[in-house]
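**Q** quick one: sequence plus predicted model below, questions after.
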Amino acid sequence: MTEDSQRNFRSVYYEKVGFRGVEEKKSLEILLKDDRLDTEKLCTFSQRFPLPSMYRALVWKVLLGILPPHHESHAKVMMYRKEQYLDVLHALKVVRFVSDATPQAEVYLRMYQLESGKLPRSPSFPLEPD
């Protein structure tokens, strides 16, 4: 009971009503305050609890390796990722694999094929079910 008396009364109320998000949000904020994010702890947290929407994109980008675990690198890495996207898109337009009228899903597929070295020699080849 001593632990409950020191906690915020709202936390106890929310838990009785069935909302567990208050304490979880605080623990996630503590994890995100570290200079270097611990991906194992973030992975464990995301498996056990639902991620609040305000942190969901950041956590998943770190867990999937899109962003590095260091906070100070995030802006620079995102700038590099955007430049890479624009470079690949420009390359596909130059070799006439995509145009402005190409559906976005096909553009992403062609980008993936180019990045992975699986782009066919001619855009006239039909898309394979791979």
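**A** Sure thing, it's come through.
**Q** and Trp26, how far from Ser99?
**A** Wrong residue type there; residue 26 is Lys, not Trp. Distance from Lys26 to Ser99, counting by Cβ to Cβ, to the nearest Å: 50 Å. All C-beta atoms are positioned from the backbone trio N, CA, C, and that covers glycine.
**Q** and Glu24, by the same measure?
**A** Glu24 is 47 Å from Ser99, by Cβ to Cβ.
**Q** more crowded one of the two?
**A** Taking other Cβ atoms under 10 Å, Glu24 and Ser99 do not tie; Glu24 has more neighbours (16 against 10).
**Q** which ones are touching that one?
**A** For Glu24, the contact set (Cβ atoms under 8 Å, 6 or more residues apart in numbering) comprises Phe45, Phe49, Pro50, Pro52.
**Q** and for Leu37?
**A** Leu31, Val62, Pro69, His70, His71.
**Q** buried ones among those?
**A** Buried members of the contacts of Leu37, scored by 16 or more other Cβ atoms under 10 Å, are Leu31, Val62, Pro69, His71.
**Q** in which helix or strand would I find the first one?
**A** For Leu31, the enclosing helix or strand under DSSP states H and E is helix 21-33.
**Q** which of the residues in that helix are buried?
**A** Neighbour-count burial for helix 21-33 flags Glu24, Leu28, Leu31, Leu32 (criterion: 16+ other Cβ under 10 Å).
**Q** and the pLDDT for the third one?
**A** Okay, so that is Leu31. Per-residue confidence (pLDDT) for Leu31: 87.
**Q** contacts for the longest helix anywhere in the chain, please.
**A** Looking across the chain with DSSP state H, the single longest helix is helix 74-94. With Cβ under 8 Å, 6+ apart as the test, helix 74-94 has contacts from Ile66, Leu67, Pro68, Val98, Ser99, Val107, Arg110, Met111, Leu114, Glu115.
**Q** so Leu67, which of the three states?
**A** Classification of Leu67 by DSSP: H, G, I helix; E, B strand; the rest coil places it in coil.
**Q** surely it touches Trp60?
**A** No: look at Leu67 against Trp60 with Cβ atoms under 8 Å: they stay out of range, at 9.4 Å.
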